[in-house]
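Colleague: next comes the sequence, and after it the predicted model I'd like to discuss.
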Amino acid sequence: MATSVGVENQPPRGEKEKPKNAVAEPRNTRALQDIGNFIPDRVAQGKPRIHVSHPVTRSFGAQLYAKAQAAEKAKKTMKEALEVKKQGAGGAISDQNVPRKPGQDDAAFAISSSEDARSKIAGKRLKGKKTFTSVMTARSKAASEIPDERKNVIEDIDRDDVDNELAVVEYIDDVYKFYRLTEDDGRVHDYMHSLQEINAKMRMILLDWLVEVHRKFELMPETLYLTINIVDRYLAVKCVRKMELQLVGISAMLIASKYEEIWAPEVNDFVYISDNAYVREQVLVMEKSILEKLEWYLTVPTLYVFLNRYTKASTPSDVEVDRMASFLAELGVTHYQTIISYCPSMIAASAVYAARCTLNKHPFWTETLKHFTSYSTDQVMDCAKILISFHSGAQDSKLKAVYRKYSCPDRGAVALLPPARTLSEADP
């Protein structure tokens, strides 16, 4: 124990033994010298030294250098501006301050007035830069083109149905391309000459009555258009007698109701609505005959599928346009000459165009409608004029089922509106 204590109390080698009563010197009492935390230019200018609380890092030094460069640039710009002002007040710029090219004549290089001096200096500074006038001109031109660009915009009419699974937005364009390709399969051509006892007027009387029956049973609009399609296709392949024409009509509506409706009317309902002109067995036999002649081909693109799509493309969505287009379309399909002259998609597009003209919806034909219908204004013009003529004579016609249907308040009474008489002046 004594030996270890003695070793601990011995001073380290190379140091003298301190007196016992001497005061111990504190450690790390060496005075700070210049370690690079002073700004040297302030010291050179005799300004008080500013101590920085943190060492000058590389990024902080770069910031200081950038600020110094910006201040020097601003100072130089101010000095140049003062020189220009002084020279402008003197009336000319001396030859000493103007750079000359080798071999340039003094007489050709002389500047006679302060205006020329200022313009030359301003041109030198603005070389390669856009002037305020050019910027404003470009903006004005861009602003003037905005209406034309908006006019040509094709709107996405399916954007609100993205979350609706029944709308099948992913396939809707392909569906209607298929409809356009196959609409001729379910379309009839002139067949009236092949019938001996039936003419176009009898057909119109039958369809006018079927519109009343359709309204009485409160059926879907798809059912009416499919009924008319079945009647025409059957008459085109089967020579029907006059006394069986009404039977063909109620049997066709029975088939269409089974195809389109959730709760279809029964056979006895159609017998009753025809004032018992036929018995139940006759209706069933005619139903079987129709299905055999049409080979059970009922999935056809009728006028309604196109009308439903085209009224949706008539943006902004308008219930009044929808009702007016439906009114004109039903007037069209009840006339024999219309259905043999124009395909269903053409009649639907013309009905929308005529409806917008009647309701004064500007523009009458938009880029959106042109895109989704694939028809231009010139293509739908002739058919639209025919539909308007039907509208003009609907009130005085003896067959007023469609007119009465769309004269009711629940359908907006669109049939009572004056028809569009100036379709030739309609803008595209």
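Modeller: Nice, I can see it.

Colleague: contact partners of the helix or strand harbouring residue 381?
Modeller: Following DSSP states H and E, the helix or strand that holds residue 381 is helix 377-393. Under the criterion C-beta atoms under 8 Å, 6 or more residues apart in numbering, residues 327-329, 331-332, 335, 338, 341-342, 346-347, 349-351, 353-354, 357-358, 364-365, 373, 415, 419-421, 423, 426, 428 lie in contact with helix 377-393. Just so you know, the C-beta spots here come from the backbone N, C-alpha and C atoms, and that holds for glycine as well.

Colleague: how about stretch 242-255?
Modeller: 197-198, 202, 206-207, 209-210, 213-214, 219, 223, 227, 230-231, 234-235, 240, 264-265, 267, 270-271, 273-274, 277-278, 282-283, 286-287, 290-291, 298.

Colleague: show me what counts as buried in the helix holding residue 381.
Modeller: For helix 377-393, burial by neighbour count (16 or more other C-beta atoms under 10 Å) applies to 377, 379-381, 383-384, 386-388, 390-391.

Colleague: try stretch 242-257
Modeller: In stretch 242-257, counting by 16+ other C-beta under 10 Å, buried: 244-257.

Colleague: okay, now the unreliable bits of this protein?
Modeller: Where the chain drops to pLDDT under 70, the residues are 1-61, 84-152, 422-428.

Colleague: please repeat the previous calculation with a cut-off of 80.
Modeller: 1-69, 75-152, 316-317, 421-428 (pLDDT under 80).

Colleague: domain ranges for it?
Modeller: Annotated domains of the chain cover 186-293, 303-425 [automatic domain parsing].

Colleague: so which of those comes closest to residue 165?
Modeller: domain 303-425 (17.5 Å; C-beta to C-beta).

Colleague: picking that back up, can you flag which of the buried residues of stretch 242-257 belong to helices?
Modeller: Counted as lying in helices by DSSP state H, out of the buried residues of stretch 242-257, are 245-257.

Colleague: format those as a markdown table; extra columns: distance to residue 160.
Modeller: Listed next are these as a markdown table, based on distance: C-beta to C-beta, whole Å:
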| residue | distance to residue 160 |
| --- | --- |
| 245 | 44 |
| 246 | 43 |
| 247 | 44 |
| 248 | 41 |
| 249 | 38 |
| 250 | 39 |
| 251 | 40 |
| 252 | 35 |
| 253 | 34 |
| 254 | 36 |
| 255 | 34 |
| 256 | 30 |
| 257 | 31 |
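
Colleague: between the residues you listed, which is closest to residue 403?
Modeller: Looking across those and measuring by C-beta to C-beta, the closest to residue 403 is residue 249, at 19.7 Å.

Colleague: what distance do you get for that closest one to residue 224?
Modeller: 12 Å (C-beta to C-beta, to the nearest Å).

Colleague: got any residues that touch both of those two?
Modeller: By C-beta under 8 Å, 6+ apart, residue 249 and residue 224 have these common neighbours: residue 210.
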